[in-house]
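> Any chance you could fold what I've pasted below:
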Amino acid sequence: DSCWEIRLKTLIRLFLKAARKGNSPAVMDSISLPCLNMIQDILHSYKGKGYSPRRGKEKSSSPSDPMDTDDRPTVDVKAWLQGSFSYAHWKKELDVLETKRISAKYFNRWRNYLQEKKWKGMHAAGILDQTYLKQILFNKSCRVAREVTANLLTKFIEAGPQARRRELIDTLTSFLGEVGKAGEASAEFIKLYKKIVEGGEWHYYLAVKGVLKQLASLIEAEINYFGLLEQSRLSSDLSLGFAVKELTSLLSSLLHHSRIKAVYKSRLVSSVLGGFLSLKRLVIQRTKMVDETQEALLGLLEDMTSGTAEETQEFIRICVDTVKRYPAEDDLTPVFIFERLCSIVYPEETETGEFYLSLEKDPQQEEFLQGRMLGNPYSSKESGLGPLMRDVKNKICTDCELVALLEDDNGMELLVNNKIISLDLPVKDVYSKVWLPEAGESEAMRVIYRMRGLLGDATEEFIESLDKKEGEQSDDEEIYKLAAVVGECGGLKVMLDKLSSIRSLSSKPLLIVILKLFGYCCKLSANRQRLLEPGLNTAGVMLRCLQLCLSAGTDSQQTSVASGQPSLTETLLELLERLLVEAAAT
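So this is what the prediction gives:
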């Protein structure tokens, strides 16, 4: 068909004219979308030589390799539409290249590289004008047009020359700033960009180009906008948070690559922490997507801060600097930061989840004990298996019909790791402190039961308590060594400033966590010496807080912390006592 080129020109001209009309729904549905569908059909029907994986391996694997260019002549679309360039001209250039390729392969590679640079210099203005692409890719009135455009770009990126693919990826990267304005209309763009980030080696190219810092800035801008809405509106939009959620997902996708995370995480921790704290303060503008973003940022923060000792110390400094940026009247944001610092300085034991027990009879007493525990392994959540080891013994007696031993705590012994366990000990503590250190979580806790004294006196170790042995002392300087970083980076002064800003017990959560962190910091002699410096006025600040707690009178509810823990008044008196003893010693 000799008219195909004329028809294609007409199609492209019509599409470009429609694109100048902006985002008009009528023009989009009647002209732009049909043109896009026809262009897509033409590309799908093209059977020409593409980029195969083998060819890709033969070339350089780096996306920025300038020598990795296409072996076909480039087309000046503007000249083609004006009629000064045609398919015949292009075919003639291709024939010339085919002839020369056989005899001068390396010469042509160099020549094509120069041609590509020359083409870019002559037609740079045409490349930079991507307005029509942006309008269609973020069009709010036509989802189908967005999908077709994304499919076309995917095909261009997958089958095009390396330089052109890099050019398209740079163009798409420049569109990231439109995600916030477009909202849910940017879903197709985000899907396309994620495919680029997760595939091939382009994530390294994007990281070097500064996309991570760009994403962090866009996330921060979106969250700041939420803060403005929180102060100016009494209602919220359920679609609020789509853009920040997807941008956070993109940032997380890039940081999943270990080499990228190792280089950039120290630069992004402050931005991620600030974004999380700002979202945590939202009340009116809180939506499901905002909650999901907050969880994603928290997960990202934990992943970025769980590393070497140097990285942990740097995160402590970032936390202290972050507290300084918030106003003195803000009692909510510092609570999370100080809680985080407490968990870093002295990680508390986590609650033991579900585990399994294997209840087995002592093989040497097989003839003397009737029955067998047939349900092995038993879940720790099953009724009758806790909270104490005595309950485990009673279940064994019940299931095996050992009635005579049911009420006799001295008749049966339970052994774990070849150690006799006291029946008064909690099952969870035995699992975490006796079984796990030697066996690990992969196996069910093996509990051997036997009659006491049947085969003579027991020779195994008897564990009556899981607390520290008598006379054993803990080394506070080693256990709380990370508290030294808090003192070195000025954290003690920041804590005292926050403590002095508390005017009533309505700020009780902040007061509790600050005193808890002070308790950890005062375990170290160096921190106690810093707190005794006259410029900090530590005693004056703590005495004023003590007066605040004592003013509550007999209302213990206001000064109590938790069951089994000292009250705020007792904690303050203990801290003051430590400091006075240190001052007297020096």
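> correct me, but Val320 touches Leu492?
No. Taking C-beta atoms under 8 Å as the definition, Val320 is not a contact partner of Leu492, at 9.5 Å. Every residue, glycine included, has its C-beta placed from N, CA and C.
> what sits in contact with each of those two?
Val486 (C-beta atoms under 8 Å, 6 or more residues apart in numbering).
> can you pull the buried residues of the one helix or strand Arg446 maps to?
If you go by DSSP states H and E, Arg446 is part of strand 445-451. Neighbour counts over strand 445-451 (16 or more other C-beta atoms under 10 Å) mark Met445, Arg446, Val447, Ile448, Tyr449, Arg450 as buried.
> next one: stretch 450-457
By neighbour count with 16+ other C-beta under 10 Å, stretch 450-457 contains the buried residues Arg450.
> ok, now stretch 419-435?
Within stretch 419-435, judged by 16+ other C-beta under 10 Å, the buried ones are 420-423, 425-427, 429-432, 434-435.
> Distance of the residue nearest the centre of the chain relative to Ile260?
When C-alpha atoms, centre = their mean is applied to the chain, the residue found nearest the centroid is Leu300 (1.6 Å). When C-beta to C-beta, to the nearest Å is the yardstick, Leu300 and Ile260 sit 13 Å from each other.
> which strands and helices sit next to the helix or strand where Gly519 lies?
Gly519 belongs to helix 508-521 when assigned by DSSP H and E. Packing contacts for helix 508-521, counted by 3 or more C-beta pairs under 8 Å, 6 or more residues apart in numbering; DSSP states H and E, involve helix 333-345, helix 483-488, helix 491-500, helix 568-585.
> before we move on, what SS does Gly453 have?
Classification of Gly453 into helix, strand or coil gives coil, according to DSSP: H, G, I helix; E, B strand; the rest coil.
> Is it correct that Val494 is in contact with Val320?
Yes. Under the contact definition of C-beta under 8 Å, Val494 touches Val320, with a separation of 5.6 Å.
> thinking again about what came up before, restricted to strands, list the buried residues of stretch 419-435.
When DSSP state E defines the strands, the subset of the buried residues of stretch 419-435 inside them is Ile420, Ile421.
> Can you tell me which of the buried residues of stretch 419-435 is nearest Leu251?
Using C-beta to C-beta, Ser432 comes nearest to Leu251 of the buried residues of stretch 419-435, at 36.0 Å.
> That closest one and Lys91: what is the separation?
For Ser432, the distance to Lys91 - C-beta to C-beta - is 76 Å.
> Check Lys17 too.
Taking C-beta to C-beta as the criterion, Lys17 is separated from Lys91 by 28 Å.
> more neighbours, the two?
Set side by side, Lys17 and Lys91 give different neighbour counts by other C-beta atoms under 10 Å, the larger being at Lys17 (14 against 11).
> what's the distance between the more buried one and Leu550?
Look at Lys17 and Leu550: by C-beta to C-beta, they are 80 Å apart.
> swap in Trp90?
When Trp90 is compared with Leu550 (using C-beta to C-beta), they lie 90 Å apart.
> which one of those two has more residues nearby?
In terms of neighbours (other C-beta under 10 Å), Trp90 is the more surrounded of Trp90 and Leu550; the figures are 16 against 12.
> hang on, the more buried one packs against Val75?
Yes. Using C-beta under 8 Å as the test, Trp90 is close enough to Val75 to be in contact (6.2 Å).
> For the stretch 251-400 of the chain, which residues score under the pLDDT cut-off?
349-352 (pLDDT under 70).
> For it, which segments count as strands?
Taking DSSP state E, counting those that start in this stretch, the strands of the stretch 251-400 of the chain run over residues 356-361, 378-379.
> Could you export these as JSON lines, including mean neighbour count and distance to Lys155?
Formatted as JSON lines, the strands of the stretch 251-400 of the chain follow (neighbours: other C-beta atoms under 10 Å; distance: least, C-beta to C-beta, whole Å):
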{"stretch": "strand 356-361", "mean neighbour count": "19", "distance to Lys155": "53"}
{"stretch": "strand 378-379", "mean neighbour count": "17", "distance to Lys155": "53"}
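> Could you dump these into JSON lines with distance to Tyr205 added?
Shown next, in JSON lines, are those (distance: least, C-beta to C-beta, whole Å):
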{"stretch": "strand 356-361", "distance to Tyr205": "48"}
{"stretch": "strand 378-379", "distance to Tyr205": "50"}
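> Ala458 is nearest to which of these?
Nearest to Ala458, of the strands of the stretch 251-400 of the chain and by C-beta to C-beta, is strand 356-361 at 16.2 Å.
> Which elements pack onto the closest one?
In terms of contacts (3+ C-beta pairs under 8 Å, 6+ apart), strand 356-361 is packed against strand 378-379, helix 389-399, strand 445-451.
> will you turn the ones you listed into a markdown table that also has distance to Gly535?
What follows is the helices and strands packed on strand 356-361, written out as a markdown table (distance: least, C-beta to C-beta, whole Å):
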| stretch | distance to Gly535 |
| --- | --- |
| strand 378-379 | 58 |
| helix 389-399 | 55 |
| strand 445-451 | 55 |
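> Ok, which of those comes nearest Leu137?
Put simply, out of the helices and strands packed on strand 356-361 the one that sits nearest Leu137 is strand 378-379, at 52.5 Å, with distance taken as C-beta to C-beta.
> Now do the closest one: everything it contacts.
Contacts of strand 378-379 from elsewhere in the structure, counted by C-beta under 8 Å, 6+ apart, are Glu354, Phe355, Tyr356, Leu357, Ser358, Leu359, Leu385.
> Could you work out the most separated pair of those residues?
Of all pairs in the contacts of strand 378-379, the most separated under C-beta to C-beta is Glu354 and Leu359 at 16.4 Å.
> Which pLDDT does the model give the nearest residue to Glu413 once chain neighbours are set aside?
With C-beta to C-beta, 6 or more residues apart in numbering as the criterion, Glu413 has its nearest non-adjacent residue at 4.9 Å, and that residue is Arg452. According to the per-residue confidence, Arg452 scores 84 in pLDDT.
> Would you mind confirming that Arg452 is in contact with Met412?
Yes. Under the contact definition of C-beta under 8 Å, Arg452 touches Met412, with a separation of 6.5 Å.
> For Leu454, which residues are in contact?
Gln365, Phe368.
> Next, find the distance separating it from Arg503.
Looking at Leu454 against Arg503, where the rule is C-beta to C-beta, the gap reads 69 Å.
> do the same with Pro363
For Pro363 relative to Arg503 (C-beta to C-beta), the value is 69 Å.
> out of these two, which sits in the busier spot?
In this comparison of Pro363 against Arg503, neighbours counted by other C-beta under 10 Å, the higher total goes to Arg503 at 11 against 8.
> Neighbours of the residue lying closest to the more buried one once chain neighbours are set aside, how many?
What sits nearest to Arg503 in space, not counting adjacent residues and going by C-beta to C-beta, 6+ apart, is Leu548, at 8.0 Å. Using other C-beta under 10 Å, Leu548 has 20 other residues around it.
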